[in-house]
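A.B. asks: Coordinates for the following, if possible.
(2 chains)
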There are 2 protein chains.
Amino acid sequence: MEPIASAQNPRIKAWKKLQRKRERDRSGLFLVEGEHLVEEALKSNINVKEIIVVEDRELPKEWAVTEVEVVRVTERVFQELAETETPQGMIAVCEKPPPENMLFESGRYLFLDRIQDPGNLGNLVRTAEAAGLQGVVFGSGCADPYNGKVVRSTQGALFYMPVQQMDLSEALEHCRANRVPVFGTSLNGSTYSAIAPQESFALLMGNEGSGVDPSLLEQTDHNLYIPVHGRSDSLNVSVAAGILIYHLRGD
Amino acid sequence: MEPIASAQNPRIKAWKKLQRKRERDRSGLFLVEGEHLVEEALKSNINVKEIIVVEDRELPKEWAVTEVEVVRVTERVFQELAETETPQGMIAVCEKPPPENMLFESGRYLFLDRIQDPGNLGNLVRTAEAAGLQGVVFGSGCADPYNGKVVRSTQGALFYMPVQQMDLSEALEHCRANRVPVFGTSLNGSTYSAIAPQESFALLMGNEGSGVDPSLLEQTDHNLYIPVHGRSDSLNVSVAAGILIYHLRGD
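C.D. replies: Predicted structure coming up:
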């Protein structure tokens, strides 16, 4: 079949709209760009609906994708859909997983308050997944977990990690009811290394500029601080989360 | 004075060339973009030569910049020089500090092998500075520390952190001669938490895709591994470095 050659093709227009949060919310679909990430999506439980490839690009033989439609497009049309500067000629249209309903009865969680940078958010999900946490909660004011840059920065961890968008006060209430200790992060907190590793916990990380909302910090069990020894007053939020998560889980 | 309105103005052309590594190497100059970062550069020992501002933009009153030339340019010319999508109307032209000559007699160091992503490199320098390390070594194959994106990602830590470009084999030899233990990172390493905190150390982090060069891993004292408990096979290099640096320094 001839590749789709027009950016005005209705399917191309519909997919391009998935670069916007509103359209992802409406349709329940999102885009995954790059061969490695598409492969990760196929291996996971994520439902891959279509794979868009450039011209005569072949899918790797070992991919069992008989149930996925492969759509061929011209290089120019592909550039319309791609968000990266050096796209690798492959994009998947995927269904968002059904909403999670985390109860926080036990386990280890990462709570994110108004974190804006998609690269940071992706990195946070990647770290949470690698550390074996049970879930990540995106509070209001965070960028969308299905934003293309977030998806790419997770390096595929998003396909395995339960992610929930939820009011953080409510999540904190659940934790309190279940005696899951909540650790905020604050320049006025106590040094993190004095806290022993925990079977269950929720770690609350905040906005890159302003940190965790003070009203949320009042609802935590402890607020932690990572000592800085240089002129800097802080660490990158995903680096700080990595240090705290690995300390709290105890390896 | 009228703002410079032509992108063909010789000074504008010379500054624009500083976006390229070759010209930064040749001239010993680099660009710092954004008001916060320019302020950090002014506070540090970095020699700020010129501050380029849009039209009638005023510098904050509290900046003591009587010895720095302020150059006004039109919005359009400014856009030529800016590398970010939302530049904040201010760029400083700065002198690179004189080359370091680290001897690795004692202290704590971060060694970087072929790390490519400017955001990661900036984050690594930021973490090293916050953790109070004595220096960061950029091995061959790393992006330039004075690349604009690296500078911005350090959040100003670059202005305080001694950074040296150097052959890593040679740096490892210095460490060995001085009995400064070197810790590589490898999927075949031992779990990092079994290693006690160290007065002096060099931590060696490697390329985002392929890790540390195997021939360098043979020259280390120990190779460390951060356990992953999910489906991911690795952490982001700057997150991993944060976990290891804070563990090795002991707080």
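A.B. asks: ranges for the strands of chain A?
C.D. replies: Taking DSSP state E, the strands of chain A run over residues A:29-33, A:48-54, A:69-73, A:90-95, A:108-113, A:135-138, A:163-165, A:182-191, A:201-206, A:222-225.
A.B. asks: Work out the gap between the third one and the centre of the chain.
C.D. replies: With C-alpha atoms, centre = their mean, to the nearest Å as the basis, the distance from the averaged C-alpha position of strand A:69-73 to the chain average is 26 Å.
A.B. asks: Could you do the fourth one as well?
C.D. replies: Averaging C-alpha positions (C-alpha atoms, centre = their mean) puts strand A:90-95 16 Å from its chain's average.
A.B. asks: What residue, apart from its backbone neighbours, is nearest the residue of the stretch 51-200 of chain A found nearest chain B spatially?
C.D. replies: Per C-beta to the nearest C-beta, A:Gly132 is where the stretch 51-200 of chain A lies closest to chain B, at 2.8 Å. All C-beta spots, glycine's among them, are computed from the backbone N, C-alpha and C. Using C-beta to C-beta, 6 or more residues apart in numbering or on different chains and skipping the chain neighbours, the partner closest in space to A:Gly132 is B:His229 (2.8 Å).
A.B. asks: gap between A:Ala171 and A:Asp144?
C.D. replies: 18 Å (C-beta to C-beta, to the nearest Å).
A.B. asks: neighbour-wise, which of the two wins?
C.D. replies: For A:Ala171 versus A:Asp144, neighbours defined as other C-beta atoms under 10 Å in any protein chain shown are more numerous around A:Ala171 (23 against 18).
A.B. asks: Do any residues in stretch A:76-84 lie close to chain B?
C.D. replies: No. Stretch A:76-84 does not reach chain B (C-beta under 8 Å from any C-beta of the partner chain); its nearest approach is 13.1 Å.
A.B. asks: and A:Asn147, what is it in contact with?
C.D. replies: By C-beta atoms under 8 Å, 6 or more residues apart in numbering or on different chains, A:Asn147 lies in contact with A:Lys21, A:Pro118, A:Leu121.
A.B. asks: change it to 10 Å
C.D. replies: The contact partners of A:Asn147, taken as C-beta atoms under 10 Å, 6 or more residues apart in numbering or on different chains, are A:Gln19, A:Arg20, A:Lys21, A:Arg24, A:Phe30, A:Leu31, A:Glu83, A:Pro118, A:Leu121, A:Gly122, A:Ser153.
A.B. asks: beta partners for the fifth one?
C.D. replies: It stands for A:Phe30. Beta-bridge partners recorded for A:Phe30 (DSSP bridges): A:Cys94.
A.B. asks: tally of neighbours for it?
C.D. replies: A:Phe30, neighbours per other C-beta under 10 Å, totals 26.
A.B. asks: That one is in contact with A:Val151, isn't it?
C.D. replies: Yes. Counting by C-beta atoms under 10 Å, A:Val151 is a contact partner of A:Phe30 at 6.8 Å.
A.B. asks: Outline the domain layout of chain A.
C.D. replies: According to automatic domain parsing, chain A comprises the domains A:10-95, A:108-249.
A.B. asks: Quick one, which of those gets closest to B:Pro10.
C.D. replies: Closest approach to B:Pro10 among the domains of chain A (C-beta to C-beta): domain A:10-95, 30.5 Å.
A.B. asks: what's the first-to-last distance across that closest one?
C.D. replies: Distance across domain A:10-95, first residue to last, is 19 Å (C-alpha to C-alpha, to the nearest Å).
A.B. asks: With stretch A:146-158 instead?
C.D. replies: Stretch A:146-158: ends 9 Å apart by C-alpha to C-alpha.
A.B. asks: Can you pull the residues of the stretch 1-150 of chain A lying near chain B?
C.D. replies: Residues of the stretch 1-150 of chain A lying close to chain B by C-beta under 10 Å from any C-beta of the partner chain are A:36, A:40, A:43-44, A:108, A:117, A:119-120, A:122-133.
A.B. asks: Among the residues you listed, name the ones in helices.
C.D. replies: When the residues of the stretch 1-150 of chain A next to chain B are checked against helices (DSSP state H), the matches are A:36, A:40, A:43, A:119-120, A:122-130.
A.B. asks: What's opposite the closest residue to A:Ala171 other than its chain neighbours in the beta bridge?
C.D. replies: Spatially, and ignoring its direct neighbours in sequence, A:Ala171 is nearest to A:Val137 (5.2 Å; C-beta to C-beta, 6+ apart). A:Val137 has these beta-bridge partners by DSSP bridges: A:Phe111, A:Gln164.
A.B. asks: Enumerate the residues of the stretch 151-251 of chain A near chain B.
C.D. replies: A:153-157, A:159-161, A:191-194, A:208, A:226-236, A:238-247, A:249-251.
A.B. asks: among the residues you listed, which are in helices?
C.D. replies: A:Ser153, A:Ser238, A:Val239, A:Ala240, A:Ala241, A:Gly242, A:Ile243, A:Leu244, A:Ile245, A:Tyr246, A:His247, A:Arg249.
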